[in-house]
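[1] attaching a predicted model along with its sequence, questions to come.
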2 protein chains.
Amino acid sequence: MKALTTSTRQKQAAAQALCTGCEVRNACFGRDVDAEGLRQLDQAIERRFRLAAGENLYRIGDPFRGLYAIRSGYLKTSIRDDRGREQVVGLHMKGDVVGVGGLESHFYIFDVSALAPSELCEIPFEKLETLARGLPQLRRNMVKMFALYLNRDSGTHALRRKGSAETRLAGLLLDFSRRLEARGGDPASFSLPVSREDIGSHLGLSAAAVGRAFAQLNELGLAKASRRVIEITDSAGLRALVSSGV
Amino acid sequence: MKALTTSTRQKQAAAQALCTGCEVRNACFGRDVDAEGLRQLDQAIERRFRLAAGENLYRIGDPFRGLYAIRSGYLKTSIRDDRGREQVVGLHMKGDVVGVGGLESHFYIFDVSALAPSELCEIPFEKLETLARGLPQLRRNMVKMFALYLNRDSGTHALRRKGSAETRLAGLLLDFSRRLEARGGDPASFSLPVSREDIGSHLGLSAAAVGRAFAQLNELGLAKASRRVIEITDSAGLRALVSSGV
DNA sequence: CGCACTTTTGAACAGAATCAAGTTTTGTGG
DNA sequence: CCACAAAACTTGATTCTGTTCAAAAGTGCG
């Protein structure tokens, strides 16, 4: 994990301009906050940095430093059981905030690592909290974000606990598609830089089963996957498959 | 859902006294809040009422009224898929707060119903929010609560996505045992007023499989279940089973 | 006491895990 | 740019676990 090398004034100005579009402010915390509040919020966001694919953001047990907003790239959240086997509990993209797990325990309780080259902002939590005192809308946004995450977790986990391998995979693809669309991406064609192994771990399936499920969805004409690029060819069909519950 | 019939002054006073020990304040929101804050918090808690076993607290789509703190009893949270089949996503006991899902959408997004006769407090969220402006500690507690729920959800769901039927059931029993112990109950012997069907739905198993898993745990000498009363006879063994991941 | 519901148990079946090759892709260094 | 090695993916055969359906036994409430 290395900081960006933004030494010159020009570079810093560019970074600042870029950060204006940052999801940290707009999608997560900054919505409906007034201009002065946004300025303060920007100041609170400590530094931007990159992770290479495979790099860890933090590990289980690391002291809580703050939240991280994903500006670009893909990350995964996972835990390990006593045997050291990894279990993927979340896949994150641009606009998501990770690190919430550390708020309660003062230590991070998940492993988080980059699946693809990613760009992040660190948000020291005390600063956010201090700021929230003076900005009612920011407080509301924080609560909303937590609630949203709670809901999404419960909802997606519930959907993935039952049903065939194809159904679960279809659910994951739709979830990804929707989230990308909400962030201005193409819902029908996107990159899913996650190994079969990790997808399987997330869905409660083996890597082999995930491969077969992809083949099945392809045969049904619902989605094509060439390596790690997904083409959703019939999203209505996918939705029908998911809601049929089979 | 019917309000308690507390008409006389005496009864109200008794209720007030009872509410002092209420988890709403102590375990959830009131921790480390000063006396004046606690007084205000008590005022914000609107009314206490009972649910009979099987009664609904709210249903999917009901307008968000507020959060509910469980004073006693057991509730379940569930969703329905398009076919109307129920999926249990959470089991709640004394000290838990339900309704958080409504914060973001202004509508409740789960069904919640009582599994046993239960006593609840309603917490109108605007009041809590208003209050939080003046009470930094209350703000922190709210954040902590959300974070705790996020963690617990991710953690337990993750544990239950893999492993045999016995392992998942063992995980559920340990979770229940721990939560009860944290609330001053007996961790080795408790009532689990949840049908095999609901347990199965929560764990992603059929009712038959749950029954067989109980039989298995009994044979292994780890836990006994007579109907809906659980006796944990070897909690270390249960933990070993869960962490072995088999 | 009897009825409705839950739970237990059994047998046949289905889906995914696992193990094992074989193939494609990716990344690295020459 | 190519060759090689490592990793990821596909595919097949077998095994295992849990599902489903059905019947019997137990429980609780009127």
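    Received the coordinates, thanks.
[2] now do the same contact list for A:Val88.
    When contacts are counted by CB atoms under 8 Å, 6 or more residues apart in numbering or on different chains, A:Val88 touches A:Lys76, A:Thr77, A:Ser78, A:Asp198, A:Ile199, A:Ser201, A:His202. Every C-beta, even on glycine, is put in place using the N, C-alpha and C of the backbone.
[3] change it to 10 Å
    Taking CB atoms under 10 Å, 6 or more residues apart in numbering or on different chains, we find A:Val88 in contact with A:76-79, A:110-111, A:115, A:194-195, A:197-203, B:158, B:161.
[4] that's a strand at it, yeah?
    Yes - under DSSP: H, G, I helix; E, B strand; the rest coil, A:Val88 falls within a strand.
[5] measure it to DNA strand D for me?
    Distance of A:Val88 to DNA strand D, given as CB to the nearest atom of the strand, to the nearest Å: 13 Å.
[6] out of the contacts of A:Val88, who's near DNA strand C?
    Among the contacts of A:Val88, the residues that sit close to DNA strand C (CB under 7 Å from any atom of the strand) are A:Gly200.
[7] how about the longest helix anywhere in chain A and chain B, touching?
    Ranked by residue count, the top helix of chain A under DSSP state H comes out as helix A:136-161. Yes - counting by CB under 10 Å from any CB of the partner chain, chain B is contacted by helix A:136-161 at A:136, A:139-140, A:142-161.
[8] ok, then the element right after that helix?
    Counting by DSSP states H and E, the next helix or strand C-terminal to helix A:136-161 is helix A:165-182.
[9] check contacts around the residue most central in space within chain A.
    For chain A, the residue nearest the mean C-alpha position is A:His92 (1.7 Å; CA atoms, centre = their mean). Residues near A:His92 by CB under 10 Å, 6+ apart: A:68, A:70, A:73-77, A:98, A:112, A:114-115, A:118, A:179.
[10] A strand includes it, no?
    Yes - when classified by three-state DSSP, A:His92 is found to be part of a strand.
[11] look up the closest residue to it, ignoring the ones flanking it.
    Setting aside the residues directly before and after it, A:His92 is nearest to A:Leu75 in space (CB to CB, 6 or more residues apart in numbering or on different chains), at 4.5 Å.
[12] and that neighbour, how close does it get to A:Glu119?
    Remark: distance between A:Leu75 and A:Glu119 (CB to CB, to the nearest Å) = 11 Å.
[13] which one's more surrounded, these two?
    A:Leu75 (23 against 18; other CB atoms under 10 Å in any protein chain shown).
[14] okay, and that one sits in which element?
    Here A:Leu75 is assigned to strand A:74-80, by DSSP H and E.
[15] now do that strand: which elements does it pack against?
    Counting contacts by 3 or more CB pairs under 10 Å, 6 or more residues apart in numbering or on different chains; DSSP states H and E, strand A:74-80 packs against strand A:56-58, strand A:86-93, strand A:97-98, strand A:111-114, strand A:118-124, helix A:196-203, helix B:136-161.
[16] from B:Gln40, how far off is A:Arg59?
    The spacing between A:Arg59 and B:Gln40, counted by CB to CB, is 41 Å.
[17] between the two, which is the more surrounded one?
    Relative neighbour count places B:Gln40 above the other of A:Arg59 and B:Gln40, with 16 against 13, counting by other CB under 10 Å.
[18] thinking that one is in contact with B:Arg133, fair?
    No - the pair B:Gln40 and B:Arg133 fails to qualify as a contact (CB atoms under 10 Å) at a distance of 11.1 Å.
[19] what residues does chain A have near DNA strand C?
    Within reach of DNA strand C by CB under 7 Å from any atom of the strand, chain A has these residues: A:Ser164, A:Ala165, A:Glu166, A:Gly200, A:Gly204, A:Leu205, A:Ser206, A:Ala208, A:Ala209, A:Arg227.
[20] can you give me the neighbour number for the nearest residue to A:Asp153 once chain neighbours are set aside?
    Closest residue to A:Asp153 in three dimensions, ignoring its sequence neighbours and counting by CB to CB, 6+ apart: B:Asp153, at 5.1 Å. For B:Asp153, the count of nearby residues is 19 (other CB under 10 Å).
[21] how about the one 4 residues further on?
    Applying other CB under 10 Å, we find 22 residues neighbouring B:His157.
[22] chain neighbours aside, what residue packs nearest to it?
    Nearest non-adjacent residue to B:His157, counting by CB to CB, 6+ apart: A:His157, 4.3 Å away.
[23] what sits against the one you found?
    Listed by CB under 10 Å, 6+ apart, the contact set of A:His157 reads A:89-90, A:202, A:204, B:87, B:89, B:153-154, B:156-158, B:160-161, B:204.
[24] between these, which is closest to DNA strand C?
    Of all the contacts of A:His157, DNA strand C sits closest to A:Gly204, with 6.4 Å by CB to the nearest atom of the strand.
[25] I'd like to know how far A:Arg178 sits from A:Gly171.
    A:Arg178 is 11 Å from A:Gly171, where distance means CB to CB.
[26] among these two, which residue is more densely surrounded?
    Of the pair A:Arg178 and A:Gly171, A:Gly171 is the one with more neighbours under other CB under 10 Å, namely 21 against 12.
[27] show me where pLDDT drops low in chain A?
    Along chain A, segments meeting pLDDT under 70 span A:1-34, A:46, A:82-83, A:158-160, A:245-246.
[28] so which residues on it come close to DNA strand D?
    Within chain A, the positions near DNA strand D by CB under 7 Å from any atom of the strand are A:195-197, A:207-208, A:210-212, A:214-215, A:225, A:227-228.
[29] got a quick ChimeraX command for the buried subset of those?
    Buried residues within these, by 16 or more other CB atoms under 10 Å in any protein chain shown, are selected in ChimeraX with:
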select /A:196,210,211,214,225
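[30] okay if I get the residues of chain A next to DNA strand D as JSON lines plus secondary structure and distance to B:Phe49?
    Formatted as JSON lines, those follow (DSSP: H, G, I helix; E, B strand; the rest coil; distance: CB to CB, whole Å):
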{"residue": "A:Ser195", "secondary structure": "coil", "distance to B:Phe49": "51"}
{"residue": "A:Arg196", "secondary structure": "helix", "distance to B:Phe49": "50"}
{"residue": "A:Glu197", "secondary structure": "helix", "distance to B:Phe49": "49"}
{"residue": "A:Ala207", "secondary structure": "helix", "distance to B:Phe49": "50"}
{"residue": "A:Ala208", "secondary structure": "helix", "distance to B:Phe49": "52"}
{"residue": "A:Val210", "secondary structure": "helix", "distance to B:Phe49": "47"}
{"residue": "A:Gly211", "secondary structure": "helix", "distance to B:Phe49": "53"}
{"residue": "A:Arg212", "secondary structure": "helix", "distance to B:Phe49": "51"}
{"residue": "A:Phe214", "secondary structure": "helix", "distance to B:Phe49": "50"}
{"residue": "A:Ala215", "secondary structure": "helix", "distance to B:Phe49": "54"}
{"residue": "A:Ala225", "secondary structure": "strand", "distance to B:Phe49": "52"}
{"residue": "A:Arg227", "secondary structure": "coil", "distance to B:Phe49": "57"}
{"residue": "A:Arg228", "secondary structure": "coil", "distance to B:Phe49": "53"}
